[in-house]
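1. Sharing a model prediction with you, sequence too.
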Amino acid sequence: MRRFRTAAAAALTTALTAALASGCGGGTTTDGAGSNDKPKELTYWATNQASSLQKDKKILKPELAKFEKQTGIKVKLEVIPWSSLLDRILAAASSGQGPDVLNIGNTWSSSLQKSDALLPFDGKNMAKIGGKGRFSPSALAATGAEGKPPAAVPLYSLTYALYYNKQMFRQAGIDEPPKTWKELVAAGEKLTDDGHYGLALEAGDPVENAHHAFVFAKQHGADFFDASGKPTFDKPGNVKAVKQYVDFLAEDRISAKGNAEYAARQSVRDFAKGKAGMLLWQAAGSQLLGNGMKPADYGVAPVPVQSVSDTGDRGTTSMVAGINLAVFKNTDNIDGALKFVKFMTSDAEQHKLNTTYGSLSPVRAAQKAAPRDKDEKVMRSVLADSAAPLPQVPDESKFETLVGTAMKELFAQAAAGREVTTDSVRERLAKAQQQMRK
Amino acid sequence: MPRGNRPSTAAPVPDPGTSALPPPAPAGAAKDARQDTLASPGHAPAPPPPPSRERGASALRDRVRHAGLPYLLLVPALVLELLVHIVPMVTGITMAFRDLTQEYIRNWGAAPWAGLDNFHIAVDVNAPVGEALLRSFAITCAFTVLAVGLAWLLGATAAILMQDTFRGRGLLRALFLTPYALPVYAAVITWSFLLQRDNGLVNHVLHDQLGLTDAPTFWLVGDNSFVSLVVVSVWRTWPFAFLMLTAALQNIPRDVYEASAIDGAGMWRQIRHITLPALRPVNQVLVLVLFLWTFNDFNVPFVLFGKSAPESADLISLHIYQSSFATWDFGAGSAKSVLLLLFLLLVTAAYLLLTRERAPRATRSRGTRRRKRVHV
């Protein structure tokens, strides 16, 4: 009897522990290319662009109805939260069961391109949606590896900008927004006093950290990947870049220590509530309004640079952020899917949706109208002149995870009162690079 | 099938012919047994017993039919077991031997075989990946020992204190079980609010009101996150220990305590010599289950810290998630999962072996309990 029980317990244990091993199991081998088996319906996965999933649905539903009226194709909409989007896409890719059309974060473009899960926009497909010439070149640069047909087309574009609190600037006697980091630190020191700080950072969020590291590195003439796609995390320029960003909290002390654990947009709230005088963010307008800050209360300027005379890569002030629209390769309505992409990137829809979401249209024609607000004005000029795409290499997401997490740890160290030196930054980055393995 | 020498009356014996152990029983005994089966409810009436001279062919057919039925009944369970456990497990293990990155997620079969490469990288503790895994493993071990120990201690203490009836006992018991009844996500998200540095309740009490710390403490980043993780995990799991032990305590007869009290045993002696030995079989399972849950826990660290946990609280399940999902390297993630599976199997086997060796000695004195253990 006892032996039986032991065996049963062992079996139970195996089953329990196996749950972990099988966590990433399952999946079939499918090799279906697109077809036109179901010409009357489409499934569309939209990303969460508004303040809630419900709001997204409310915004998109009328547009989808318009599309149905034009083409007779019914679009089933699902808005997917960011926290599960990548997992859902990977599951869809491995099972072959997915949407027909989907939104992706543009930094995933080349990773997904390598997975071969998305329909390439080669000459033929691109022609069906109106041609490459419709899109702004810098937005197109963030749709996949150079020299390959884009894995997606740009839908909504965003760039980082510097937001500053006009009243706090006035009170501190600062006349205009800082153009260089030196000026920003000086302004930050003036703004920092009991309970108020110069700059709000989302320092507990690896992705935000990695984006800033990328821009600072560009400004120092460095890159996190070399031309062949190999990681170069611990190169001096990158170390300098990371240290400069962490130092806002560690050495310059123009950021509150508590920022080290911010990962849920608390920095936007702090800026809106006047706890911090400056913020580096993408299209913050609606989020600021949501936190009670009116457009008249803040100014928008391009992100500072090292020196005003910097041009080219060194003059980079933002990554090309945004959302791309892709067609799933396994779609069973390939013609309908392309029609839908054409519809979503049409001048009218672009104008409407980007205005609603506060983003910037990557379609050239839609950029001709007068900018709707100061956000769009700044973002337009940044996207045109000083934005660079994140490295379009398949390992890009590893870079965001590893470097962003290393920076999160550095911030935590600095906030706990430990010193952050060039050596400790280099050590962290070297460790992150070694984790890249291949 | 039970294999004890004592005839077990509780277990249904369909036919002595199916049991391999006892030698062909004398006719009388066989008849008795057959009457037993006929009497047991839910059993189809058997054909009248053939004369013993004509055994042979028809008896064989009989035996096959009787012996085959249980296996037939097991088929659905077997198929489901294959589908739910074995196939995904084998798939997961196969993945560990492949170089499966995003390039091949559309067609796993095309991923090149990597042999033991993924395992080499994972166990090479002199290289960064292996070193990080080892570190995460050590943290997880420390975390598990602390969290399980504390959860058990709290559960046992509360269960023993609640053993005697008193006014409000039911209310307290219900209150104690609340953390167990709450959905993990909601509960842990609440904790993450409590533990925030600037606006959290914990710092408000510790720093603002009691003035115990010089500056507000970080609970969600940096070294203290380990403490937060242990606290939240214990808070989550101790009600389960409490529940199990409370149930087990109901089985200890009150008269044993009374007798020992007459002999002059105090509370500690009673706990050491009556309560704990009696709880032993329950504890054996309880500690094992708590260990497996805690060691594998993904929800609590994931909800508390997000996708990238602070170094000091880098539990292995989250670490593996990061090295496969966040970095699109599924082969490496699987290899690490397989290693984890092997480790847990090993620990469990060793644990069961050790506790089994000692179990009879502890309970030998009380024959009645011996039977009870069997049903736990």
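-> Everything's here; your move. Numbering: from 1, shown residues only, chains lettered A, B, ... in the order given.
2. tell me which parts of the stretch 251-376 of chain B are close to chain A?
-> Taking CB under 8 Å from any CB of the partner chain as the measure of proximity, the stretch 251-376 of chain B contacts chain A at B:285, B:288, B:292, B:296, B:306-308, B:310-311, B:317, B:320, B:322, B:324-330, B:332-334, B:337-338, B:340-341, B:344-345, B:348-349, B:352, B:356, B:374. (Each C-beta comes from the backbone N, C-alpha and C, glycine too.)
3. Who are the contact partners of whichever residue of the stretch 201-350 of chain A sits closest to chain B?
-> Nearest residue of the stretch 201-350 of chain A to chain B: A:G258, at 4.2 Å (CB to the nearest CB). The contact partners of A:G258, by CB atoms under 8 Å, 6 or more residues apart in numbering or on different chains, come to A:415, B:197-198, B:216.
4. One more pass at 10 Å, please.
-> Neighbouring residues of A:G258 by CB atoms under 10 Å, 6 or more residues apart in numbering or on different chains: A:197, A:203-204, A:249, A:266, A:270, A:275, A:415, B:196-199, B:203, B:216, B:218, B:221.
5. Do stretch A:225-232 and chain B come into contact?
-> No. With CB under 10 Å from any CB of the partner chain as the criterion, chain B is not reached by stretch A:225-232; the gap is at least 12.0 Å.
6. What are the contacting residues of that stretch?
-> Contacts of stretch A:225-232 (CB under 10 Å, 6+ apart): A:110, A:145, A:217, A:222-224, A:233, A:235, A:238, A:390-396, A:398-399, A:402-403, A:429, A:432-438.
7. Excluding chain neighbours, what is closest to B:R169?
-> Once flanking residues are discounted, B:R169 sits nearest to B:M162: 5.9 Å by CB to CB, 6 or more residues apart in numbering or on different chains.
8. Correction: the previous question concerned A:R88.
-> Nearest to A:R88 is A:I80, by CB to CB, 6+ apart, at 5.9 Å.
9. mind checking pLDDT for that neighbour?
-> Looking at A:I80, its pLDDT is 95.
10. tell me, which of the contacts of stretch A:225-232 make contact with chain B?
-> Within the set of those, contact with chain B (CB under 10 Å from any CB) is found for A:110, A:394-396, A:398-399, A:402, A:432-438.
11. export the residues you listed to CSV and tack on neighbour count and secondary structure?
-> Output for those, formatted as CSV (neighbours: other CB atoms under 10 Å in any protein chain shown; DSSP: H, G, I helix; E, B strand; the rest coil):
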residue, neighbour count, secondary structure
A:S110, 28, helix
A:P394, 19, coil
A:D395, 25, coil
A:E396, 23, helix
A:K398, 22, helix
A:F399, 24, helix
A:L402, 28, helix
A:A432, 24, helix
A:Q433, 22, helix
A:Q434, 17, helix
A:Q435, 21, coil
A:M436, 18, coil
A:R437, 16, coil
A:K438, 11, coil
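12. Tell me the one among those nearest to chain B.
-> Set against chain B, the nearest of these by CB to the nearest CB is A:Q434 (3.6 Å).
13. The closest one against B:N126, yeah?
-> No. Using CB atoms under 10 Å, A:Q434 is not in contact with B:N126, being 11.2 Å away.
14. Just the mean pLDDT for the helix or strand harbouring B:L339, thanks.
-> Assessed by DSSP states H and E, B:L339 sits inside helix B:330-363. Across helix B:330-363, pLDDT averages out at 83.
15. Which elements pack onto that helix?
-> Where contact means 3 or more CB pairs under 10 Å, 6 or more residues apart in numbering or on different chains; DSSP states H and E, helix B:330-363 is packed against helix A:2-21, helix B:87-96, helix B:117-123, helix B:128-161, helix B:276-296, helix B:316-321, helix B:367-375.
16. What confidence value was assigned to the residue nearest to B:R169?
-> 89.
17. do the same with the one 3 residues further on
-> Model confidence at B:T165, expressed as pLDDT, equals 84.
18. On the three-state scheme, it is what?
-> coil (DSSP: H, G, I helix; E, B strand; the rest coil).
19. Give me the buried stretch members for the helix holding B:L339, please.
-> B:330-341, B:344, B:347-348, B:351-352, B:355, B:359, B:363 (16 or more other CB atoms under 10 Å in any protein chain shown).
20. Same question for stretch A:344-351.
-> For stretch A:344-351, the buried set under the neighbour-count rule, 16+ other CB under 10 Å, comprises A:344-347, A:349-351.
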